[in-house]
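Engineer: let me see the structure of the following:
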Amino acid sequence: MPLKTALVAAPLLLLIAGLGMAISLRRRREGIGPGMAGDATFIRLQRAHGNAVEHSPILLLALLLLELLGARPSALIAFGVAIIVARAAHAVGILQRPRHPLHALGAALTYGLEVAMAVSLVLTVMKRSRF
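Structural biologist: The predicted structure is shown next:
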């Protein structure tokens, strides 16, 4: 059972839902219709939500594959915590003023995780198969 992946998915789902609700509230409060650019806060909310939706699924898929392939629990926990931290930092950074350090930190950690998890997937498969 992919319990570790489920525990990482839960806060990511809450992050995505929270950002989505914030967009809807901002739309209603400011009268921003579909396809309208809105104000700076609205645009930052859209980007934070969009970016979370872009990166979270692939990170969760990689974590799930690692868990199903029998990767070490310590690696799964480290990746899981890093995913949550990366995505939260990125969202908070985008919602702050432009060029906030958390934005860059979250992005760098996300890209690093995507590369590290790809390498880990290949190594895990090679270790468990006859390649």
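Engineer: which other helices and strands contact the one helix or strand residue 79 maps to?
Structural biologist: Using DSSP states H and E, residue 79 maps to helix 73-95. Packing contacts for helix 73-95, counted by 3 or more C-beta pairs under 8 Å, 6 or more residues apart in numbering; DSSP states H and E, involve helix 3-30, helix 40-68, helix 101-128. Any C-beta I mention is one placed from the backbone N, CA and C, and that applies to glycine too.
Engineer: which other helices and strands contact the last one?
Structural biologist: To tie it back to what came earlier, the one meant is helix 101-128. Under the contact criterion of 3+ C-beta pairs under 8 Å, 6+ apart, helix 101-128 touches helix 40-68, helix 73-95.
Engineer: next one: the first one
Structural biologist: The helices and strands touching helix 3-30, judged by 3+ C-beta pairs under 8 Å, 6+ apart, are helix 40-68, helix 73-95.
Engineer: how about the helices and strands packed on helix 101-128, which one is nearest residue 101?
Structural biologist: Among these, helix 73-95 comes nearest to residue 101, with 6.9 Å by C-beta to C-beta.
Engineer: ok now that closest one, how far from the chain's centre?
Structural biologist: Helix 73-95 sits 7 Å away from the centroid of its parent chain (C-alpha atoms, centre = their mean, to the nearest Å).
Engineer: relative to helix 40-68, how tilted is it?
Structural biologist: Comparing the axes of helix 73-95 and helix 40-68 via axes from the mean of the first three to the mean of the last three C-alpha atoms, to 10 degrees yields an angle of 170 degrees.
Engineer: show me the shaky parts of the protein.
Structural biologist: Low-confidence segments of the chain (pLDDT under 70): 131.
Engineer: before we move on, back to that, select, out of the helices and strands packed on helix 3-30, the one closest to residue 118.
Structural biologist: Closest to residue 118 of the helices and strands packed on helix 3-30 is helix 40-68 (C-beta to C-beta; 7.1 Å).
Engineer: what angle do helix 101-128 and the closest one make with each other?
Structural biologist: Calculated by the same axes, to 10 degrees, helix 40-68 forms an angle of 20 degrees with helix 101-128.
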